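Colleague: I would like to see how this sequence folds:
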Amino acid sequence: MEIEPQISFRNVERTDALDRMILAGIDKLGDVHDRITSVRMAVEDQRGSGIQDHLYRVRINITIPGAELVVEETPEGEPHPPLDQVLNQAFDAARRRLKDTLERQRGNVKEHTPRAVGRVVRIFPDEGYGFIEDDVGREIYFHKNSVAGTGWDELDTETGVEFQEEQGDKGPQAVVVYPMTSL
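Modeller: I've put the predicted structure just below:
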């Protein structure tokens, strides 16, 4: 990539190894989209220097013809991941966004199945699955891993949901479930 990235650091010591890692990540962005016109990055420790438990945040602004993409990675939970992991996650997300944007610009957008609406009629929390009844009375299986976000904990019988379904080996199954309470 022939552009000069703008990289700022806040409460993070800039090292040659860190510079190499960031520049390698930016080069990989150029492998995804060859018309990047600018990359601006901010790398910071939100806890400040001198504190042992670092909370890193990485923000990447990418400009391409017709779009500006912003990716921000601030991991949640304990323990906080190390900077190299946060950088890798941010670059992975940036590459996905670039690929998606490039596909949209080329008109190669995958058609998504519209969401259906239903309600949970049976749920087996200990086994990690349940069944949704759709608007015509069919029962559709779903697994807890198909529930978006932390929605599994919100589910109970009669909870309204939106879902996308596919034909599974044993019949219809919801591949993504969105509890109405989290919409």
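Colleague: can you dump the C-alpha coordinates of the longest helix along the chain into PDB?
Modeller: The residue-count maximum for a helix in the chain (DSSP state H) belongs to helix 83-106. C-alpha atoms of helix 83-106 as PDB (Å, rounded to 0.1, in the frame of the first residue of the first chain):
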ATOM      1  CA  LEU A  83      -2.700  -5.300  23.000                       C
ATOM      2  CA  ASP A  84      -1.600  -7.700  20.300                       C
ATOM      3  CA  GLN A  85      -4.900  -9.600  20.600                       C
ATOM      4  CA  VAL A  86      -7.000  -6.300  20.500                       C
ATOM      5  CA  LEU A  87      -5.000  -5.200  17.400                       C
ATOM      6  CA  ASN A  88      -5.600  -8.500  15.700                       C
ATOM      7  CA  GLN A  89      -9.400  -8.400  16.400                       C
ATOM      8  CA  ALA A  90      -9.500  -4.800  15.100                       C
ATOM      9  CA  PHE A  91      -7.700  -5.700  11.900                       C
ATOM     10  CA  ASP A  92      -9.900  -8.800  11.400                       C
ATOM     11  CA  ALA A  93     -13.000  -6.700  11.800                       C
ATOM     12  CA  ALA A  94     -11.600  -4.000   9.400                       C
ATOM     13  CA  ARG A  95     -10.900  -6.700   6.700                       C
ATOM     14  CA  ARG A  96     -14.400  -8.000   7.100                       C
ATOM     15  CA  ARG A  97     -15.900  -4.500   6.700                       C
ATOM     16  CA  LEU A  98     -13.700  -3.800   3.700                       C
ATOM     17  CA  LYS A  99     -14.800  -7.100   2.000                       C
ATOM     18  CA  ASP A 100     -18.500  -6.400   2.700                       C
ATOM     19  CA  THR A 101     -18.200  -2.900   1.400                       C
ATOM     20  CA  LEU A 102     -16.400  -4.000  -1.700                       C
ATOM     21  CA  GLU A 103     -19.000  -6.600  -2.400                       C
ATOM     22  CA  ARG A 104     -21.800  -4.000  -2.000                       C
ATOM     23  CA  GLN A 105     -20.000  -1.600  -4.300                       C
ATOM     24  CA  ARG A 106     -19.700  -4.400  -6.900                       C
END
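Colleague: Now do that helix: everything it contacts.
Modeller: Residues from elsewhere that reach helix 83-106, judged by CB atoms under 8 Å, 6 or more residues apart in numbering: 12, 18, 21-22, 25, 28-29, 32-33, 36, 43, 54, 56-60, 62, 64, 66-67, 69, 71-75, 81, 109-110. The way it works is simple: take the backbone N, C-alpha and C, and place the C-beta from them, glycine included.
Colleague: Helices of this protein, residue ranges please.
Modeller: 16-32, 83-106.
Colleague: All good on my end, thank you.
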